[in-house]
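1. the amino acid sequence is not available; the structure is as follows:
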């Protein structure tokens with residue numbers, strides 16, 4: 001089946017997670033049903049991402065990531081350090097990478113790196129925007145575009161958690177959605193889709 005995040009509003013009781021099974025059965029508010037005594041999952045739920053055994057629920061306004069078992073939805077822990085308006089996340093090489101909008105300025109974005117063995121955190125300051133994020137072949141790609149700002153992609157080494165490269169998309173090419181297939185990173189901008197060769201991080205076509 002699949003999960004639906006109900007982002008809610010500023011009231012903690014309004015944010016929830018719905019599960020829709022392949023049989024069409026809908027289960028509402030599964031986090032509170034399974035974990036009645038656990039901490040709340042925050043408000044304005046933004047994103048949910050996974051590794052092999054865990055699900056990570058991002059609450060933007062609460063600056064927190066709630067970790068649960070992805071199969072049972074039993075509560076594991078809550079991460080609250082080094083997060084500033086978190087947006088989207090992926091996992092790679094025993095780490096989770098979460099983008100942060102910060103103060104929503106053109107230079108306020110960052111990526112929180114979470115060690116999944118002990119849930120300790122560190123932060124990569126990008127000095128640009130940080131929004132959508134994907135992982136492919138041990139590399140983490142961050143779209144540095146948000147509401148009219150940014151024209152680059154940050155490439156992070158998933159093993160070391162350090163910035164490996166910055167790809168310049170050209171003036172006016174604000175990245176939105178991105179995906180990778182067969183060594184090509186496809187980046188959707190306002191007017192075109194850019195093709196990036198991941199072997200050398202160069203724009204190879206549109």
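-> That came through, no problem. Fair warning: this is a prediction, and the values are worked out from it, not measured in the lab.

2. which stretches of this structure aren't confidently modelled?
-> For the chain, no stretch has pLDDT under 70.

3. so residue 173 touches residue 188, yeah?
-> No. In this structure, residue 173 is not within contact of residue 188 by Cβ atoms under 8 Å, at 10.0 Å. In this view, the C-beta of every residue, glycine as well, is placed from N, C-alpha and C.

4. mutual contacts of those two, please.
-> Jointly contacting residue 173 and residue 188 under the rule Cβ atoms under 8 Å, 6 or more residues apart in numbering is no residue at all.

5. quick check: residue 131 touching residue 148?
-> No. Residue 131 is beyond contact range of residue 148, at 11.9 Å (criterion: Cβ under 8 Å).

6. more neighbours, those two?
-> residue 131 (23 against 9; other Cβ atoms under 10 Å).

7. secondary structure element for that one?
-> For residue 131, there is no helix or strand it lies in under DSSP states H and E.

8. how about it, phi and psi?
-> phi -130, psi -100 (degrees, to the nearest 10).

9. likewise for residue 67?
-> phi -110, psi 130.

10. quick check: it vs residue 206, distance?
-> In this view, residue 67 and residue 206 are 39 Å apart by Cβ to Cβ, to the nearest Å.

11. tell me which of those two has more neighbours.
-> For residue 67 versus residue 206, neighbours defined as other Cβ under 10 Å are more numerous around residue 67 (19 against 12).

12. that one pairs with what?
-> Note on residue 67: beta-bridge partners residue 56, residue 77, judged by DSSP bridges.

13. that one is in contact with residue 80, isn't it?
-> No. Shown here, residue 67 and residue 80 do not form a contact pair, counting by Cβ under 8 Å, at 11.5 Å.

14. show me what the helix or strand hosting residue 122 is in contact with.
-> Using DSSP H and E, residue 122 sits in strand 121-125. Contact with strand 121-125 is made by 79, 81-83, 100, 110-115, 156, 161-163, as judged by Cβ under 8 Å, 6+ apart.

15. how about stretch 179-191?
-> 134, 136, 141, 143, 145, 153, 169, 172-178, 193-199, 204.

16. pull out the buried residues from those.
-> Among the contacts of stretch 179-191, those classed as buried by 16 or more other Cβ atoms under 10 Å are 134, 136, 141, 143, 145, 153, 169, 173-175, 178, 194, 196, 198.

17. which one of those residues is nearest to residue 27?
-> Closest approach to residue 27 among those (Cβ to Cβ): residue 134, at 28.5 Å.

18. quick check: closest non-adjacent residue to that closest one.
-> Excluding its sequence neighbours, the residue lying closest to residue 134 (Cβ to Cβ, 6 or more residues apart in numbering) is residue 141, at 5.3 Å.

19. list the contacts of the one you found.
-> Residue 141 touches 133, 134, 135, 153, 154, 155, 156, 178, 180, 185, counting by Cβ under 8 Å, 6+ apart.

20. go with 10 Å
-> Shown in contact with residue 141 (Cβ atoms under 10 Å, 6 or more residues apart in numbering): 90, 97, 132-135, 153-156, 165, 167, 175, 178-180, 185, 187, 196, 198, 201.
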